[in-house]
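Asker: Quick one, fold the following:
(one chain, ligands or ions: 1)
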Amino acid sequence: MQVIETRIDKESPEFKRNYQVMDGLVKRLREELKIAREERSEKAVRRLKEQNKLPVRKRIELLLDPNTPFLEIAPLAGRGMYDGGVHGGGTVAGIGVVEGKEVIVYANDPTIKGGTIYPIGVKKALRVQTIAMENRLPIIYLVDSGGAYLPLQSEIFPDVDDGGRIFFNQAVMSKMGIPQICAVMGLCTAGAAYIPAMSDEVVHVKNTGAIFLGGPPLVKAATGEEVSAQQLGGAYVHCRESGVSDYMAEDDEHCIQIIREIVKALPPQKKEDIGQREPRPPLYDPMELYGIIPEKISTPYDVREVIGRIVDGSEFLEFKALYGPTLVCGWAYIHGYPVGILANNGVLFSESSLKATQFIQLCDKRGIPLVFLQNISGYIVGSAYERGGITKDGHKMVNAVATATVPKYTVIIGASFGAGNYGMCGRAYSPRFLWMWPNAQIGVMGGEQAADVMVSVKNDQLLREGKPPLSEEEVRKIREPIIANALKEGDAWYSTANLWDDGILDPAKTRDVLGLAISAGLNAPIRSGTLGYGTFRM
Ligand code: COA
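Answerer: Okay, the predicted model is just below:
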């Protein structure tokens, strides 16, 4: 494989300016993550101490093997939603290592409204379960939750992807043979009671943990019976009498210890061998990505400079380098794992779409994971291109992306617009994971273009009615809110709050995150279905 040749000038004013801008964005990311981790009401922290419970991140820290990475999922979910304090959507989740085995952890944070589940919390729980199922990862639930966040119950309860789906998924995972281990570390009320009930093994903490379908206030209201939480569903009730729980723990630390022992006793994980090599760092410093990524998303640059700072030894075997040059495709290794990379270097044309289709088929046949580096304003438009069949060539690419059976990983490193999002494996195309860089933008189209379309539609209407076109003032009134909205709802912060991605990445960490995710993915068979495609329109 050839080493990618770099052409950047680290002394140029452009590099320095870009560096400053990206550095600012990454600093903001760190601040946002710190707020999400630490901002809690005094009352909630006091209550946690009174109950002798450990904070959620301490529980996770004790659970994971020391000095192993924790790949957190959607830490900024729920950012800016509701009253602004539903950090992480009320839960902490991620992939980590317990007793040498890769697992996924899902833990309620009782300091956020009693660990109750908001709509975005349901979405996160379902996302975590999807990751567990797709990657065949044992799942550990640390439950401490008052169930549904009642003021928003209609948004949590009735629909197909609402709360009930969490327990549906638990049944499916049980059938798939994915281990599900549950710790009862607080009151698990109503919906939250089903999580232990539907798990394989339940560890129940004495005095603080309780499981019941209706808590003491509800029981009193419904039947008049006066009963304490522990009498109703404490560890003695469920370990001795009902048989709902399987192990009794003295406190949080003991509970975590038991879970570690359960994980230790699970059968060894058999990971797919895709021919990994000894990992090697890139030749070029990943921090240089800060200076490479232009301040303005529309400024072109050579995406090989990005690939060279993500892959082992900065080595890349480029496929069809001279054909369809607006999409760079080729083979490389990331942390020793072979990957097929597709990275945008401009708008997608027919040639680049055909090249992508062929490349995806090759990787799929060879069992090589696909990595998409997405920076795409869309497929080319215009009458010449329509006549040339851009729609049918774009379709082939989208078709191949949708049905490829190997694991797919997407990083949105800049723009993610229109059908380009689909062709480059956006969320709807089921990449195993999808992350954004902090400079990324996402939408059907950019705000300016959307505003222009709406102005033009209105002017066409007026023309049909024999009226004069919009005045400058009227144009401004149409354009401004569309542009403002697209800016607000199209940035990485809004995306991650809504769980359109699995998190925002520091660009310099992209390679490490991809390595962890590919490693996790190898717990599942390399093919998620039967190799083969639908009909490619010719
Ligand atoms: N929906 C919305 N908010 C809830 C809630 C629920 N189901 N349960 C608790 N909260 C809120 C409380 O109002 C309180 O809010 P505040 O901090 O703004 O005052 C916060 O969560 C903490 O509750 P608190 O009771 O002070 O803390 P706790 O640690 O002693 O107990 C619970 C936490 C969740 C165990 C307890 O509040 C409880 O049993 N809630 C009712 C659970 C229930 O019946 N759920 C049915 C869901 S279908």
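Asker: Only C-alpha atoms from now on, for both contacts and neighbour counts.
Answerer: OK.
Asker: Angles on the backbone of I390, please.
Answerer: Phi and psi for I390, reported as degrees, to the nearest 10, are phi -60, psi -30.
Asker: what's near enough to touch it?
Answerer: By Cα atoms under 8 Å, 6 or more residues apart in numbering, the contact set of I390 is F349, S350, Y379, I380.
Asker: closest to G191 among the residues you listed?
Answerer: The closest of those to G191 turns out to be Y379 (Cα to Cα; 44.7 Å).
Asker: so how far is the ligand from that closest one?
Answerer: Per Cα to the nearest ligand atom, to the nearest Å, Y379 is found 46 Å from the ligand.
Asker: how much space between that residue and T208?
Answerer: The gap separating Y379 from T208 is 56 Å, by Cα to Cα, to the nearest Å.
Asker: circling back to that earlier point, okay, and which of the contacts of I390 map to helices?
Answerer: Within the contacts of I390, residues falling in helices by DSSP state H are S350.
Asker: Any chance of the contacts of I390 in CSV with pLDDT and distance to T6 as columns?
Answerer: As requested, the contacts of I390 are exported to CSV (pLDDT from 0 to 100; distance: Cα to Cα, whole Å):
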residue, pLDDT, distance to T6
F349, 97, 26
S350, 97, 28
Y379, 94, 28
I380, 95, 28
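Asker: just curious, which of the contacts of I390 is nearest to L514?
Answerer: Nearest to L514 among the contacts of I390 is Y379, at 26.5 Å by Cα to Cα.
Asker: And for the closest one, nearest residue in space, chain neighbours not counted?
Answerer: Using Cα to Cα, 6 or more residues apart in numbering and skipping residues adjacent in sequence, the residue nearest Y379 is L348, 4.6 Å away.
Asker: contacting residues for that neighbour?
Answerer: T326, L327, I376, G378, Y379, I380, G420.
Asker: and the third one, backbone torsions?
Answerer: Phi and psi for I376, reported as degrees, to the nearest 10, are phi -140, psi 130.
Asker: Show me what from the stretch 51-200 of the chain comes close to the ligand.
Answerer: Within the stretch 51-200 of the chain, the residues that sit near the ligand (Cα under 6 Å from any ligand atom) are 113-114, 116, 145-150, 187, 189-191.
Asker: how about the helices of the stretch 1-150 of the chain, start to end?
Answerer: 13-38, 42-50, 56-63, 119-135 (DSSP state H, counting those that start in this stretch).
Asker: In TSV: these, plus distance to K175, mean pLDDT and mean neighbour count.
Answerer: Formatted as TSV, the helices of the stretch 1-150 of the chain follow (distance: least, Cα to Cα, whole Å; pLDDT from 0 to 100; neighbours: other Cα atoms under 10 Å):
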stretch	distance to K175	mean pLDDT	mean neighbour count
helix 13-38	35	98	16
helix 42-50	36	96	13
helix 56-63	26	98	17
helix 119-135	11	98	22
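Asker: For V306, find the nearest of the ones you listed.
Answerer: Across these, V306 has its closest neighbour in helix 13-38 (13.8 Å, Cα to Cα).
Asker: Now E155. Nearest residue, chain neighbours left out?
Answerer: Using Cα to Cα, 6+ apart and skipping residues adjacent in sequence, the residue nearest E155 is P119, 6.0 Å away.
Asker: now the one you found: how far from G80?
Answerer: 14 Å.
Asker: ditto for I504
Answerer: 15 Å.
Asker: neighbour-wise, which of these two wins?
Answerer: The neighbour comparison of I504 against G80 (other Cα atoms under 10 Å) goes to I504, with 27 against 15.
Asker: Over to the residue lying closest to V311 once chain neighbours are set aside: give its phi and psi.
Answerer: With sequence-adjacent residues excluded and distances taken as Cα to Cα, 6+ apart, V311 is closest to I334, at 4.9 Å. In terms of degrees, to the nearest 10, the main-chain angles of I334 are phi -120, psi 120.
Asker: My read is that I334 contacts L516, right?
Answerer: No: assessed by Cα atoms under 8 Å, I334 is found out of contact with L516, at 9.9 Å.
Asker: Neighbour count: these two, which is higher?
Answerer: Neighbour count, other Cα under 10 Å: between I334 and L516, I334 has more, with 26 against 18.
Asker: Give the full set of residues in contact with the more buried one.
Answerer: When contacts are counted by Cα under 8 Å, 6+ apart, I334 touches P279, I310, V311, D312, R511, L514, G515.
Asker: Name the member of those residues that has the highest neighbour count.
Answerer: Most surrounded of the contacts of I334: other Cα under 10 Å gives V311, at 32 neighbours.
Asker: Surely that residue and R511 touch.
Answerer: Yes: taking Cα under 8 Å as the definition, V311 is a contact partner of R511 at 7.0 Å.
Asker: How many residues are close by the closest residue in space to K458 that isn't next to it in sequence?
Answerer: Distances taken as Cα to Cα, 6+ apart put L470 closest to K458, at 7.8 Å, once the chain neighbours are dropped. L470: 16 surrounding residues under other Cα under 10 Å.
Asker: Local confidence estimate at L470?
Answerer: Looking at L470, its pLDDT reads 96.
Asker: now swap in the one 5 residues further on and tell me
Answerer: Reading off the per-residue confidence, V475 sits at a pLDDT of 96.
Asker: who touches it in this structure?
Answerer: The contact partners of V475, by Cα under 8 Å, 6+ apart, come to V455.
Asker: Can you give me the distance of it to K458?
Answerer: 9 Å.
Asker: hang on, the earlier thing: would you mind checking the residues of the stretch 51-200 of the chain next to the ligand for buried ones?
Answerer: K113, G114, T116, S145, G146, G147, A148, Y149, L187, T189, A190, G191 (16 or more other Cα atoms under 10 Å).
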